[in-house]
Structures are given as structure tokens and as C-alpha cells.
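In: coordinates only, sequence not included:
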């Protein structure tokens, strides 16, 4: 009889938020790990989990002692940046690896963090140490890292769409690249606010953080673009989940949409979570809903050299909890797609 | 005692569609005209008007005889392009002016129509004769015209946002202009189709007609841009009404967002239906809902010369029925804002 | 030349909430009154009015002095019950009539208020004095009152649907009446909360306050039903505006749907804001959207005596601001429908 | 080494509809069966499956030969009633068991079918033979049947909520039972129609088939109620998926909500797919979304004997595809919950 390995325990801090609840939902069906909820004083009273008579997840206090006591291999921080800055060193000190879903450790240097987040960084050494968890471009560094910084939702789609074009030198950079992003409301988190109230969002669309979104520096870091080259705008859609980014560029080199799509097909040939659409078809939000896929399609006008890329993800899955699990799989030496297909 | 002028009668063909029903709704409160519904065999059985015990609009057959018999000053064609091509000459022959809401008479030459609508134009003389009904830029020609072609919904917002920039020579045209448009579903008309079914649209966003929408040539004609300079994409929002267009450009001349906004403030200083937003604020769909306004806001990064314009309209009002009434007011010598504020 | 009467000034306290903003929107087009916004410390910073270059409403402090100074004939309190309890005596002391949109003065006795609102009533004399502002059943007392209590949104539809049945003795009361109510989210007000957050409401439907909603006693008072006879449930719809109530009863006396509908047709024959639907048709939310109508339709099975009534209103119009204006019109001796058709 | 049984193949006819697509989605992760798509001339051109580079389901013609050739153990008919009436005997003749998701075989007698479906039944013998597939009440007959008729979506929730009350003799039947049902749009199927168009459903709620829905006889058959005792109404919600039913009854026997809930807790103690909520909490659509659960909660007023039950399901899962798989599991001798948790 084959030996069945016992499941490893992993912790979720911030499980009452949308990303944390999605982590719990996805991990319940993971073949190799067992989630434990880490209770923290910032949790709201509400229990985001469905009532389920059969299985209730274990809960412990979110303390170094409990993490050590439960033998957690890894802790997800689905918490606000300021909470993550406080919890990350504690959890690492307990011997667990950490995947942080906030913006706390994404920008590599304290200067960059200060410019975009408008405050000093309390843990500059951890910031320098953290691996950026976009597996398609950072697969080597993730398994070796103690602290993995899960990418922002917008940069995930943007970088998967833009970086192959830059690598292939397909873009006329002087003309700039436009990334027009649209996001569902769950990306704003679960804390009630007027901006995310039903009556303000329904039958509406509004632009915000035009040219100055905190996610811009992540796109620049991974794609290699200069700030002056990228026009990035976000818009709030009346949907729960999903991000669609429409990316515009100009090219003097590309001759056809086929050539353009081949760049993606080659780059992502062995990637399990990037799907490239054939010419004449484009992704939409529904097809990535509740999946860890990033879907990419393209249109190209060969006469004028105008190119348009459409990239979609579910902001709570590939844009948050799903990618965090993908990073956990890499960090713990599990199959990268475990629990995600 | 002041003499109260009796109301003029005007006809609505296609009143069972969304634009036609909106025309009827708006005209019921117009101080100077009285709407008459023109029944045509293409009307669906359904009556789009609310049940109202007090007032029922008069209905007559949509024939030249009825138009003459009822003494209609003007007829709105809220019909499909092929129906408008057939009805327009008949209605004109009856002595009525015509405001056509379809794409039949917007492109001035039969060649251009053939390229974008993929069919021959059956009335090339009328096409040449028609006035383009964007009052903010064509106010002189509208009162003199027998046939007024009401602009497309996307070009209305796009031209109000783009043409002042071109007139002011503010745009670095070599870098191109991007117009990323998002529209509510009513813009697709009332005929049932899978694409506009609730379950396909809800919780979704999809791009279509990327770089090849029929509305592109209208934007080129009014704005003066070349096709190769404009990247225009449309996306279907899960909302009933509303268009938001995000327009990206680069400028070497502009020095501040104030200077950029001044272009609009000056150009539209005496326009009743264009509202320019102060720096730091941007329009959204809710604020133009059920109004004839086009709202315009801007962001500008003076260091890099990146500019972003956000323009919004209600696609059934300023994008269709409202603008058609604005054109009717001009055509019949009534106050331009009558029935629209 | 006919003398044009100058417009009377009326005040709106609580104009930044949804009902207050709707009052401002509707009153801007009222032929006889001019709205003035009354600023109160409970207003949120946000300005709910659309930016409009042409007209900005006047604003003054919400004090007795300002009300007297501006010569306001009437003040609307679109405020929370506790604020209304405080403001109502002040405004009345300034000589203005008051239409209160909160629940503060609806229940006639302090005992009843205490039971359903779970707190003592601070103004029992005003409570006893207030007229209940459901014009279809209280038209005589409204013009004579200083203080008019605008009905709750659910009771407005419920009482217009149920009371004629009780008056006609058409209901087998021993079998009870069920009123299953569904409401749009704006009925919950503009204050952010998790329950009205987009991601909690979208793609959801939830029941709340089952059998114990604060609006129950208003239904009992007007309809004449006993509490044990009425099962009243509310459910939160993923829509902005609108209430639909499905009312179930049994009858041994009625013989046909025609007879049932005649009860309503007779009762509301001269009512401008109640529309009775012909047999075979039923109202829905869209047809009352942004109107002051209450629409009523019915189904009846003559074999078994089962009856179903469907009644709809826009909760912000006939359920709040529109009915408040109807009450103002009666209170100030203006035509009842002024500004509402 | 343990022997891994090879997966059995099962067919899906009507895979391009919403129920069929949901079947394909759920069966892709089933541990014991492998789905095969059965192409039929009634399929629309559109492919409802997500593009997925890894797995494409096998497709064969929907013929007896193909069913036999592929060795399909069971065929799902996710087709319209008239197509099912034609396909069911063919598939049975090929040796496959059949789970039919249409209304074709639910009503046991041709007379009853004729009354509610307004047409003659073409296969009265199969109608008499078919097992009704509500496992919670028909678990014995399902494994023995060749043809299983999957229940309607509304009756599934209604019967799970009502029958335990009738069995426990808790209802004062003379007062009648009200079942006020609300459904998402996917329940109406994928064929485009004006009634399910986005612009007609969004911001709307409408009642239909009041007292005469085709699902009424299924509720009567299982619950044991007489038609005159049940008032059943359906309403179309602006959501994609989900049914919520609010059920009203009167009881002279019950003394508390605890006693009421105990009826359900006892009846469903060992049911894997029915969850009973504790007093003070009620189910909503989100908690059953994409699950095979039926959630049940209750409110009871002991003084007056008024009871309210709230029951929810996902109409495409427990109301269609999920329950069909539950039936397949029973029919093929697999664990009842396989592929459904």
C-alpha cells in the first residue's frame, strides 16, 4: 500500500477579508496542505466562511507561539500592509515561511515604498530580502525565499501582458504604452466605504488613481518600462470579481497579429496558468472567473503598427489567493498547480 | 394675455426600441412639441411605454400620407440603418424634416460608408446632403438642413473630448491617441441576442470591434485625426446606460492640467450641455445618467507630458435621443435646451 | 398680463442622503417652490448633487434663525429618526411646517414607538399631533397639520394594496395575509455598511427583519389588520431603487379577478398616483422607476379563493421624496401633482 | 498497490445550454466518471466551455450508435422537454441509463402533464416508469430506475422545505401555505429572449406565472399538498444564479422556533446536501452559490403561530446539474457526494 503523506498545516491571517476567505475556500480542497485560521484582533466579527455542518477549519491565535505550536510550514498574510509589516517578522521568527498578499514588501527599496505609499518602511531589511512572487518571471527565487511578496492584482495581468513584448523588443517605446485597467469591487477589500457601497457602484463606472496608482512601480519593476513610458489608469466596474486590462502600443517591427501572438505562445508554452487566445478571439471576465488563469488575446493592425492586448484575471485568484497558493506550492516543493486546477 | 403657441407635432418611427422609447419619454415633457408615434411593420409587438392612465400618445401609420395628414414638422427615425435608408426619402418627400438616429447618413461619401458598413449605400445624394448633428461643432449647418444625421454614441463623447485638443494643437500626434470606450448594454439596441443576454453580461466585461468599430470614421471626420493615429476600442459594461471614454495622449506643449482644462473651459464656455470638471475631480456614469450632458475631466503629468481625458455621456440621451431633440430644437428654431434640462 | 407668483422657499435637511438628494433633484423642477439646502453637522462631507455649471442650490445653516430669515414655508427632514426628533420642534418653532421622512413621528403613541423602535420617544406631544402623510387615505388631515410624518416605504405600497381589500371586506382574515416585500438597497440609506457593500449585495438576495420589521405597525395602523393576521418579510434586492410587494390572501366572497380589480379601480378612480393594471398584466420595478406612482396588479383563482396582489413603487419617490412633495403640495395648498408628473 | 478503477464514460446532450455547461464543468473534476459531449442539431454554434489548453472534452454525435460505441453508462439530457421526449427512448435503447433535466418525465401521468404543459405526452409508458430524482425523499427508487427525472429547480427547494412540515403535521393546512419564489435568470435557459435581456432584467424585479407555474404539480406530488392549499409565485431576480423561496404557514401545534428547526434537523440529520441554520440566522443566495447545498432557516412567532421558512439553492447546481450528478452517483452505485463537495 502506498504511503500517503500527511497534509502540512499552513496558516491564514486575515481570513475574514475577501482574499483571506478565498484562500480558505481554495485550500480546503488542496491535496497536500491543511489550512488553519489565525485569529487576529483586526478581524471583523463576521465569519466569512459558509456555514457547513461537515467541516469547520481549525482556529488559533495569530501568535508566534501558536504558529510554532501548530507546526505551520507557511503563513499567508492576507492583511493590510501595516498589519503585514508587523506580523511578517514574528511569523518568520517562528520558523514559518511567509507569503504576504499586501503591498508591504513588493517594492524592494524603502525609497520606492516611501514615494508610492507615502510613508516610511518599518522593515527595510525584510523588504530587500523578499522575493517577488510572480512565478512566470521569478520562479527561481521563490523556493529559496523565506518571505514571498505576492504581486498586486493589476501588475499581475499587466506584467504577464507587457513583459513578453518588451523582451521581444516589439514595442516602439517612444510612443508610450497605455494600460487601461478595469477592476471588480472585491479588489478594494471588505471594509465598508461609500465608494464600494452598492448604490454608488451599481450602474456606474468611475476612474480613479489615474497615472498615480500604487501598483505602477510594480509594473515598471517587472516590465522594465520607465514611468514616463507607461500611462496606467484604473476603473471600478460594477462586478464582484475580475480584472480586464486593455493595453495599447505601437510597433514598427511586428508584421502581423500572428507574429504578435507567437511571442506569447512561445513565452508561455509551458506555463500552466497563462492561456493565449487565437487571433480573432479575445478573453473576457467570465472565462477566468474563479480560476487561476491569466488569459491573453491580441489585435494588430499591420498597416499602422497599432497593437492592442486584452488580458484578464480573477483579481481574487490569480490576482491574490490563487497566485499566493501557487507561490506556496513553489515554496514548499509541491507541484505548482496543486489545488489550483 | 400672452398668446400661447400651440405645440408642433413631431413623429417618432422606431418608438419600440430603446432610443425611440427614450425620445417619447423626453418629448412628453417638451414645452413646444407634441410627439406622435409612427407605427412601422418592424416594430415588435411590445409596447415600451409605461402604462399611464392619464396620457397615451397618439399613434398613426408611418406613411408619407399620415405624416402630411398630421402636419408633422419633423420625423425622428430611431430605426435600423436599412429602415432609415428606406424611410428618410419618404418622410422628406412629405415635407417633414428628418433627424435620423441610425448610421445611415453619417459618413458623407458612399465609399466611406461601403468600407465601414460593408454594403453599398442606397441613397448617396441624401448622404451627401445630410448635416452631421453634433451641435457643439456643427451648429450653423443644422438649422438649414432637411436631413440631420444624429451622431453615434461613441463619437459624440470622443469628438467632444478630442477635437478641442486637436484644434489647440496640444497633442503629439506621432505618438497616437488611444480612446478606450466602455458602454452600457442599451447601446446595442433592444433586439434579443446572446451577447446582450443578462447571464452573458452580468459579472462580465468584454472587448469587441477592437480597432474596427463602425464609429471610428465619425471620430476621424470630426476630430481631424488620421486612422493610423487613433486606437479605438469598445467594451461592454454590465450597466443599462452610460458611456465612459478614457482618452490617452502625449503632449510636448502643455505645461499643466490647468492649461489642459482651460482648453475645454474656453471651447465650451457657452455650451449648455458640456460640463468641464475642475482639476482633481473626474466624471462618472451616474452623474450623467438620464441627462443630456457630456462631462469632461482631465489628468496631466507635466514632467512626462502624459495626458488622460475622461468623458462621459448617457448613451440614450446625449448619445441618442437627447441629442436628437437638441438637433430638432435647432432645426425648428426652438431654444436649444428646450425639454432637455 | 397674468401675475406670476414668486416661488416659495422650502428647506431640505439631510440633503446628502439618498432621500434628501432625491428631494433636491425633484424640487429643482417644481413650478411653485424653490429648495434651499439646510446644512447640518450630520451631513457627510460628500456633495450628492451633480456638478452643474448653471444652477447651484442655496445653502444655509439648519437653524431656527436661518429658517425664519429665509422665510421657509416648510422644511423637509430627510434625517435619521434621532436627528428628526431634535430638529422637528426647532423648525416648527420657526414657523415652518415640517414634513419628516424618518420613522420618528409615524406611530402615534409613545408606547407603540417604544415597542418597535426599542427606545423612549423624546417628543410624545408632537408624536400625537403629527398627521400621517399617506394622501390616498389621509388627505383631509394633511393640510391642517403643522407636522406631517411621511410614511415608510414598505407601508406605502402595503397599505395602498391591502386597505382597499379590508375596506371591501374581501379577505378571509382568519387565514392571515402574507406580504412578501423586496427592496432596493437605497432604502437602507447612504451610510456605508457591510450589508450594503457591493460585494455582499451583488448576485445575492437575503431576508431580514422577518416578522419584526419596524414598518409593521404602520401597516397595521392604516390597514386595520391585527399583528397576528399579517406575516411581513423584507428582502434585499441587488437593485438601487424599487420595492415590489407580493401580497397573498384568501377570500370566500370574491368571484373573479375582475371583481378584485374593480375594488382598486373604484377606490383609486380619482387618485393621480395609483395605477391599476388590467387582468393578465402585472407591474414591475422598471415601470415605476423614478416616478411617484404606486402600480397595482392582481391574480385570483376563483375556484380556491386564492388571491395575489403585486404592488410596486420607487422607494425613493413614492416611498420617500416624491410622497413628501405630494404632502408638501397638500400642506401648502398647491396642486397635489405639482412637480411630480 | 491499490487498483485504480478506470473512469466510466457518461454523455451530456444539450451541453451548450447553461445546465449542460454546468454538468460539463462539474464532471471534469469527478473522480469516477469522464464526460463526453453529445452533439445534437439543437446545439447553438457557441461553445460554452472555457478555452483550456490542457483538457478538451471528447465530442461524439448524439446517436444510439455513438452511445453504444463509446460504452456510455449514463446519458444526461440537458435538453428542452420536446427534445428529451425524443432522445430518452433512443438513449435507453442503447443500454445507457438516462437522467433527464427537462420537465418531460416529472409528472407521472399523461393527464397531469397535459394539464400543466398544455400538450399531449408522446411517451406515456416512460413517464410512468421514470423515477423522480429528489434523493432526500426518493433515494430507494433511483438506483433501480433506467430513467431518472431530475426535479425542477423551484420544487427542489420547495419540497425540501415543505415536506418535513407536512410529515410532522405542523401546518394548519386550512390557512394555506404561501411559497414566494425568486430566481436568477439562468433558470430561464440560454436562448435569447427579450425577457432575459440585460436591459430588461437589470434594476428590475417582475412576477410571472403567478399561481400557474408548471412546477406547481411537482410541489403538490412530493409535499402532499392540495392545489388549493398552495399559493406559489415566481419572480425574476437580476442575478445570474440562485433561488430563494420564502414560505409562510400557520401552526397551532408548534411552540417555538427551536421545535420548528428540530423537525428539519432530525429529518436531514444524515443528508449531505441539506444544511439547517440555527435560530436567528437565515440563508442567502451567496452561501449556496456554486454548491449542491439546499440551505434552510426559519422564524416562528409562538404567540400567533406564524411561521416563515427561507430555503435557498443554486438553481444550476442543486436545482439542475448538481442534483443530476447526485442522481447519477446513486444510479451508478458511486458515493452519493462524489464530485459534489
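Out: Yep, that arrived. As the structure is a prediction and not an experimental result, all values here were calculated from the model. Residues are numbered from 1 along each chain as shown, chains lettered A, B, ... in the order given.

In: Spell out which residues of the stretch 51-200 of chain A are next to chain B.
Out: By C-beta under 8 Å from any C-beta of the partner chain, the residues of the stretch 51-200 of chain A that approach chain B are A:174-176, A:178, A:180, A:182, A:184, A:200. C-betas here are computed from N, CA, C, even on glycine.

In: which regions of chain A sit below the pLDDT cut-off?
Out: A:1-4, A:42-55 (pLDDT under 70).

In: Now with 80, please.
Out: When residues are selected by pLDDT under 80, those of chain A lie in A:1-5, A:41-56.

In: Domain map for it?
Out: Following automatic domain parsing, chain A resolves into domains at A:8-151+A:319-331, A:154-314.

In: Residue B:306 is nearest to which of these?
Out: domain A:154-314 (5.0 Å; C-beta to C-beta).

In: Quick one: name the residues of the stretch 51-200 of chain A near chain C.
Out: For the stretch 51-200 of chain A, the contact set with chain C under C-beta under 8 Å from any C-beta comprises A:185-186, A:190, A:192-194, A:196-199.

In: picking up where we left off before, with mean neighbour count and distance to residue D:116 added, can I get the domains of chain A in CSV?
Out: Conversion of those to CSV gives the following (neighbours: other C-beta atoms under 10 Å in any protein chain shown; distance: least, C-beta to C-beta, whole Å):
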stretch, mean neighbour count, distance to residue D:116
domain A:8-151+A:319-331, 20, 35
domain A:154-314, 21, 34
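
In: In a markdown table, list those domains along with distance to chain D.
Out: A markdown table is the format used below for the domains of chain A (distance: least, C-beta to the nearest C-beta, whole Å):
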| stretch | distance to chain D |
| --- | --- |
| domain A:8-151+A:319-331 | 5 |
| domain A:154-314 | 5 |
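
In: what's in contact with stretch A:27-43?
Out: By C-beta atoms under 8 Å, 6 or more residues apart in numbering or on different chains, the surrounding residues in contact with stretch A:27-43 are A:5, A:7-16, A:23-24, A:55, A:57-62, A:66-67, A:70, A:72-73, A:75, A:79-80, A:83, A:87, A:325, A:328, A:332, A:334, A:338-339.

In: make it 6 Å
Out: Under the contact criterion C-beta atoms under 6 Å, 6 or more residues apart in numbering or on different chains, stretch A:27-43 has outside partners A:7-13, A:15-16, A:24, A:57-59, A:61-62, A:70, A:83, A:334, A:338-339.

In: So what pairs up with residue A:232 in the strands?
Out: Beta bridges link residue A:232 to residue A:179, judged by DSSP bridges.

In: didn't it look like it was pressed against residue A:214?
Out: No - Residue A:232 lies out of contact with residue A:214 (C-beta atoms under 6 Å); the separation is 10.6 Å.

In: nearest to residue D:288, of the domains of chain A?
Out: Nearest to residue D:288, of the domains of chain A and by C-beta to C-beta, is domain A:8-151+A:319-331 at 8.1 Å.

In: quick one: terminal-to-terminal distance for the closest one?
Out: 13 Å (C-alpha to C-alpha, to the nearest Å).

In: Leaving out the residues flanking it, which one is nearest to residue A:320?
Out: residue A:19 (4.2 Å; C-beta to C-beta, 6 or more residues apart in numbering or on different chains).

In: Now do the helices in the stretch 51-200 of chain A.
Out: Assigned by DSSP state H, counting those that start in this stretch, the stretch 51-200 of chain A shows helices spanning A:64-69, A:81-93, A:110-117, A:124-129, A:135-138, A:153-167, A:198-201.
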